[in-house]
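K.L.:
model this:
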Amino acid sequence: MASRALTRLRKLCLALPEAREVEAWGEPTFRVKTIFAMYAGPSNHHGAGRESVWVKANKTNQALMLAAAPDRFFVPPYVGPFGWIGIHLDSAKTDWDELEELIRDAWRMSVPKKLLAAHDAAVGPATVSPKSRRSPRH
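P.N.:
Have a look, this model is predicted:
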């Protein structure tokens, strides 16, 4: 049975256009053209005993998140050197609104340009909300 965090993560990821779930390495991954998010369960060696999600990001944002909240964010193995950020899901400190923004940004980095253009035409281009301008909450 899926944890509450995984159920909530699935809902966020699969709400994005053409997103799909594919199991890989024994865990759910979320893809559009390429992987934009990967779940790591606490019992899997990738989770290192904690439930988390790894989200595609750039190195600058990764560094900012790590500096702002090292108790919530980490550099995941394998993909961390490429800018991906790990977010712990096993605490009351999980900011689901912030995670939704990070997932949306990761999806935008992975989606084919034609789909992104169609999406932006339908819903409007991504805007920077006041919330996303702040550094991650502690």
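
K.L.:
hey, let's count contacts and neighbours off CA atoms from now on
P.N.:
OK.

K.L.:
Just confirm Val111 contacts Ile35, I think it does.
P.N.:
No: using Cα atoms under 8 Å, Val111 is not in contact with Ile35, being 9.4 Å away.

K.L.:
neighbours around Ala24, how many?
P.N.:
11 (other Cα atoms under 10 Å).

K.L.:
Next, work out how far apart the residue nearest the centre of the chain and Glu98 are.
P.N.:
Centroid-nearest residue in the chain, with Cα atoms, centre = their mean: Val55, separated by 3.3 Å. Val55 is 12 Å from Glu98, where distance means Cα to Cα, to the nearest Å.

K.L.:
Go ahead and report the secondary structure state at the residue of the chain positioned farthest from its centre.
P.N.:
Distance from the C-alpha centroid of the chain peaks at Ala121, with 23.5 Å (Cα atoms, centre = their mean). Judged by DSSP: H, G, I helix; E, B strand; the rest coil, the three-state class of Ala121 is helix.

K.L.:
Helices of the chain, start to end?
P.N.:
Using DSSP state H, the helices found in the chain span residues 4-14, 59-68, 96-110, 113-123, 130-133.

K.L.:
list the contacts for the residue lying closest to Glu23 once chain neighbours are set aside?
P.N.:
For Glu23, the nearest residue in space outside its immediate sequence neighbours is Thr29; the separation is 5.8 Å by Cα to Cα, 6 or more residues apart in numbering. Contact analysis of Thr29 by Cα atoms under 8 Å, 6 or more residues apart in numbering lists Glu21, Val22, Glu23, Ile35, Phe36, Ala37, Met38, Tyr39.
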